[in-house]
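J.: need a 3D model of the sequence below.
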Amino acid sequence: MGLEVVVLAAGQGTRMRSGLPKVLQPLAGRPLLAHVLDTADALGAAGIHVVIGHGGPAVREAFAGRQHTRWVEQASQLGTGHAVEQAMPGVPDDAVVLVLYGDVPLVETETLGRLVERAEQGTVAVLTVDLIDPTGYGRIIRGRNGQVLRIVEEKDATEAEKAIREVNTGLMAAPAARLRPWLAALDNDNAQGEFYLTDVVALAVAEGVGVNPVAAGGPDEVLGINDRRQLAEAESALRQRTASALLDAGVTLVDPARVDVRGRLECGQDVHIDIGAVFEGDVSLADGVRIGPYCVVRQSSIGAGTELHPYSLVDQSVTGPDCTIGPYARLRPGTRLAEGAKVGNFVEIKNAEIGAGSKVNHLTYVGDASVGKDVNVGAGTITCNYDGANKHRTVIGDGAFIGSGVELVAPVEVGSGATIGAGSTISKTAPAGQLTVERSRQITVKGWERPKKGGAK
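T.: Have a look, this model is predicted:
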């Protein structure tokens with residue numbers, strides 16, 4: 001049997017108190033729905049059908065580049081059973097249907113694999129979990145021999161049924177050929193006036209079809225996100241899961257509770273990550289990389305042996321091996337550091353290449369520039385790259401020495417081995433191997449007095 005995944009993502013999420021559709025709320029830097037779709041992909045689903053409603057156009061737009069996803073409109077939100085039924089015309093009869101929820105993002109692939117295996121045997125499989133406080137969840141009703149008889153929603157449950165701690169998570173798998181007529185037979189004679197997917201269980205039992213419960217790994221795995229508090233709980237749970245995986249992979253985390261991965265983080269051997277580090281998007285840390293306290297690395301690749309000192313930001317940049325960055329440095333998009341380059345405190349680099357062994361150590365801005373190897377850029381240097389309308393490029397040759405407080409007015413070139421005297425404003429080519437100095441004549445005005453407050457002469 002092939003696997004077809006139906007993802008219910010039509011809810012409005014009013015308790016979020018947000019203009020953003022609930023399934024687009026960010027968890028670890030990515031929409032809730034993205035986590036669910038990743039899981040569906042990992043299961044090798046032949047088809048993925050996402051049922052959308054409230055905010056449907058925004059949801060589709062957020063995943064515009066995604067292939068092999070069928071979007072299904074649920075014009076009226078009439079319940080979970082109705083939502084699944086909308087997707088069924090695109091599902092072949094010889095498939096197993098796995099129902100997921102766009103706001104339940106932490107279910108493990110292994111758990112869902114067990115659910116699908118049960119359904120492949122021709123039965124209905126439901127994912128359950130035991131909760132200390134089951135308030136708000138549908139209860140699993142079992143017979144005397146332990147078999148599942150039905151699921152009762154809380155609003156329809158008796159007081160005795162409400163005392164049951166085994167609850168339905170909403171996730172279910174069933175053969176498509178059997179599920180289709182059960183969905184058509186659902187009614188909305190209940191407290192909510194909705195067509196419940198959970199009523200499929202009672203219909204299956206009535207036909208003598210087995211219902212197999214599969215226990216989730218714990219409450220965190222099946223946490224549904226309905227408000228900001230639950231979103232924060234999911235963030236914490238995912239942070240712990242990610243930190244545990246990093247530790248298992250040999251990464252040193254000074255404090256596993258204080259590292260945030262908001263995307264995908266790939267680490268080599270002997271990587272060391274200090275407290276407060278944040279990783280966003282796709283980030284790669286090669287062997288021996290050290291990330292200091294409170295650094296942010298976004299959509300970047302860090303070469304082997306490179307060290308980020310505290311409070312540095314690396315954004316859409318690539319560093320070679322054995323570089324040193326920070327503290328308080330900022331690498332903006334398009335920055336590339338060659339082997340052994342050094343970017344020091346309060347230095348900003350943007351859309352520039354810094355050559356091997358070059359140093360940009362203090363209070364400096366280098367933008368839209370090509371800096372050769374073994375260049376020294378003095379403190380307070382600025383590449384004046386923007387004329388108010390266009391960006392211009394600065395080129396600095398190998399082995400050049402740029403003194404402190406220099407302004408390089410682009411477009412401009414500094415030749416290899418050139419020396420630029422401190423305090424110079426360079427707007428023309430500085431020849432290779434020569435000293436270039438540009439300064440106004442220093443004068444002293446004798447007898448001049450500084451103005452005094454209050455108009456005193």
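J.: ranges for the strands of the stretch 51-200 of the chain?
T.: Under the criterion DSSP state E, counting those that start in this stretch, the stretch 51-200 of the chain carries strands at the ranges 69-73, 95-101, 124-130, 139-142, 148-152, 166-175.
J.: Ala215 and Pro293: what is the separation?
T.: 40 Å (C-beta to C-beta, to the nearest Å). Yep, even glycine has a C-beta here, placed from its N, CA and C like the rest.
J.: looking at those two, which has the bigger crowd around it?
T.: Pro293 (18 against 13; other C-beta atoms under 10 Å).
J.: from Pro256, how far off is the more buried one?
T.: 15 Å.
J.: what of Val343?
T.: Distance from Val343 to Pro256, by C-beta to C-beta: 29 Å.
J.: which one of these two is surrounded by more residues?
T.: Neighbour comparison, Val343 and Pro256: the larger count goes to Val343, with 29 against 16 (by other C-beta under 10 Å).
J.: the more buried one: which element?
T.: Assigned by DSSP states H and E, Val343 belongs to strand 342-345.
J.: send me that strand as CSV with only the CA atoms.
T.: Extracted in CSV, the C-alpha atoms of strand 342-345 (Å, rounded to 0.1, in the frame of the first residue of the first chain):
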residue,chain,number,x,y,z
LYS,A,342,40.6,38.3,11.3
VAL,A,343,37.6,40.6,11.9
GLY,A,344,37.8,42.3,15.2
ASN,A,345,35.7,44.2,17.7
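J.: how about Ile164: what's its closest non-neighbour residue?
T.: Excluding the flanking residues, the one nearest Ile164 by C-beta to C-beta, 6 or more residues apart in numbering is Arg139, at 4.2 Å.
J.: could you export the longest helix seen in the chain as PDB, CA atoms only?
T.: Longest helix in the chain, counting residues (DSSP state H): helix 228-248. The C-alpha trace of helix 228-248 is given here as PDB (Å, rounded to 0.1, in the frame of the first residue of the first chain):
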ATOM      1  CA  ARG A 228       0.900  31.500  22.700                       C
ATOM      2  CA  ARG A 229       1.500  29.600  25.900                       C
ATOM      3  CA  GLN A 230       1.400  26.300  24.100                       C
ATOM      4  CA  LEU A 231       3.600  27.700  21.400                       C
ATOM      5  CA  ALA A 232       6.200  28.600  24.000                       C
ATOM      6  CA  GLU A 233       5.900  25.100  25.500                       C
ATOM      7  CA  ALA A 234       6.500  23.600  22.100                       C
ATOM      8  CA  GLU A 235       9.500  25.800  21.500                       C
ATOM      9  CA  SER A 236      11.000  24.600  24.800                       C
ATOM     10  CA  ALA A 237      10.300  21.000  24.000                       C
ATOM     11  CA  LEU A 238      11.900  21.300  20.500                       C
ATOM     12  CA  ARG A 239      14.900  23.100  21.900                       C
ATOM     13  CA  GLN A 240      15.500  20.300  24.400                       C
ATOM     14  CA  ARG A 241      15.100  17.700  21.600                       C
ATOM     15  CA  THR A 242      17.500  19.500  19.300                       C
ATOM     16  CA  ALA A 243      20.100  20.000  22.100                       C
ATOM     17  CA  SER A 244      19.900  16.300  22.900                       C
ATOM     18  CA  ALA A 245      20.600  15.400  19.300                       C
ATOM     19  CA  LEU A 246      23.500  17.800  19.100                       C
ATOM     20  CA  LEU A 247      25.000  16.300  22.300                       C
ATOM     21  CA  ASP A 248      24.600  12.800  20.900                       C
END
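J.: which stretches of the stretch 51-200 of the chain form helices?
T.: 56-62, 80-87, 109-119, 159-162, 176-184, 199-206 (DSSP state H, counting those that start in this stretch).
J.: could I get those helices as JSON lines with distance to Ala249 and mean pLDDT?
T.: As requested, these are exported to JSON lines (distance: least, C-beta to C-beta, whole Å; pLDDT from 0 to 100):
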{"stretch": "helix 56-62", "distance to Ala249": "30", "mean pLDDT": "95"}
{"stretch": "helix 80-87", "distance to Ala249": "37", "mean pLDDT": "96"}
{"stretch": "helix 109-119", "distance to Ala249": "18", "mean pLDDT": "96"}
{"stretch": "helix 159-162", "distance to Ala249": "43", "mean pLDDT": "93"}
{"stretch": "helix 176-184", "distance to Ala249": "38", "mean pLDDT": "96"}
{"stretch": "helix 199-206", "distance to Ala249": "40", "mean pLDDT": "92"}
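J.: and these: which comes nearest Ala432?
T.: Smallest distance to Ala432 across the helices of the stretch 51-200 of the chain (C-beta to C-beta): 51.9 Å, for helix 56-62.
J.: distance between the closest one and the chain's centre?
T.: 18 Å (C-alpha atoms, centre = their mean, to the nearest Å).
J.: of all the residues in it, which ones are buried?
T.: Using 16 or more other C-beta atoms under 10 Å as the burial criterion, the residues of helix 56-62 that qualify are 56, 59, 62.
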